[in-house]
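mind folding the following:
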Amino acid sequence: MDEVASIGHVERIRIGTRVLVTMPFRIGDRLIEVLKKYHEPGRREVCIVTHFEHPMEMTPDSLEAIQKIRKAGMSVYNQQVFTYYNSRKFETAFLRKVLKVCGVDPYYTFNTKGKEETIDFRVPIARIEQERKEEARLLPGIVRTDEPVFNVPRLGKSHLRAWQDHEVIMIMPDGRRSYRFYPWESKLAICDTYIYTDVAIYDYLKRLHDDGEDITEYKSIWYYF
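Numbering: from 1, shown residues only. Have a look, this model is predicted:
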């Protein structure tokens with residue numbers, strides 16, 4: 001921390017950790033005193049970016065740890081990974097509400113990606129777009145401050161609400177959609193794009209049905225790209 005803080009142009013020291021969920025008692029008074037040394041309002045901030053995935057993860061111990069950080073003048077943000085398990089109707093909307101009243105600002109919601117090793121967690125891009133349009137809109141603006149993004153290899157975060165940053169280029173025989181993602185520089189210069197083949201919407205809906213969900217509540221998912 002000393003070495004980073006000694007760099008003149010550093011305005012923010014951001015600490016990414018899930019310790020607020022998994023080991024909140026680690027946020028003790030001594031640690032808070034260490035972090036406060038480097039938090040200088042008007043010059044440099046220290047902030048904590050954590051990873052609550054579900055409202056049930058907010059415990060009294062987690063709440064106490066968050067309040068210690070906040071009382072020391074530092075902010076806490078949340079980066080949620082949008083997985084099958086929190087993609088059900090209004091799960092993420094409820095998470096936002098719980099986080100906000102507990103002192104955590106929703107920051108990013110990441111769509112899952114990967115290959116077979118993460119297939120149990122993955123959700124179609126159309127579902128995160130649907131969630132933002134149909135469920136998040138019912139919340140006050142100060143609560144839905146997170147941005148749905150797809151973290152594109154080599155290109156960085158692509159905002160899924162920005163239609164000009166990605167397009168469907170093919171629908172596979174099994175219903176999966178293939179997307180081309182563009183970096184923001186693509187409107188200014190020639191640059192590489194990224195091709196991604198999504199999980200099938202049909203398979204996602206079938207899994208929801210098998211788990212007891214009423215899939216008619218998700219029927220508009222086909223119209224999101």
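
bridging residues for the most centrally placed residue in the chain?
In the chain, the C-alpha nearest the mean C-alpha coordinate belongs to residue 109, at 2.0 Å (C-alpha atoms, centre = their mean). Beta bridges link residue 109 to residue 80, residue 148, judged by DSSP bridges.

how close does it get to residue 147?
7 Å (C-beta to C-beta, to the nearest Å). Placement of C-beta: from N, CA and C, glycine included.

same question, residue 199
Distance from residue 199 to residue 147, by C-beta to C-beta: 22 Å.

tell me the helix or strand right after the one helix or strand in the chain whose mean pLDDT sits lowest.
Least confident helix or strand, the chain: strand 156-159 with a mean of 86, by mean pLDDT, DSSP states H and E. Note on strand 156-159: by DSSP states H and E, the next helix or strand toward the C-terminus is strand 166-171.

note down every partner strand of that next one and its orientation.
Strand 166-171 is paired, per DSSP bridges, with strand 177-181 (antiparallel).

low-confidence stretches in this protein?
Applying pLDDT under 70 to the chain flags no residue at all.

one more time with 90
Within the chain, the ranges that satisfy pLDDT under 90 run 112-119, 151-159, 161-165, 173-175, 182-193.

which residues in it form helices?
2-5, 19-22, 29-36, 60-71, 91-101, 125-134, 201-210 (DSSP state H).

show me what contacts residue 181?
150, 152, 155, 158, 165, 166, 193, 194, 195, 196 (C-beta atoms under 8 Å, 6 or more residues apart in numbering).

how about a cut-off of 10 Å?
150, 152-153, 155, 158, 160, 165-167, 192-196 (C-beta atoms under 10 Å, 6 or more residues apart in numbering).

next one: residue 28
65, 68.

before we move on, what about residue 148?
Per C-beta under 10 Å, 6+ apart, neighbours of residue 148: 80, 82, 92, 108-111, 125, 128-129, 131-133, 136, 158-161.

switch the cut-off to 7 Å
109, 111, 128, 129, 132, 160, 161 (C-beta atoms under 7 Å, 6 or more residues apart in numbering).

quick revisit: turn the helices of the chain into CSV, columns for mean neighbour count and distance to residue 217.
Shown next, in CSV, are these (neighbours: other C-beta atoms under 10 Å; distance: least, C-beta to C-beta, whole Å):
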stretch, mean neighbour count, distance to residue 217
helix 2-5, 10, 47
helix 19-22, 18, 28
helix 29-36, 13, 43
helix 60-71, 17, 30
helix 91-101, 20, 12
helix 125-134, 21, 10
helix 201-210, 16, 9
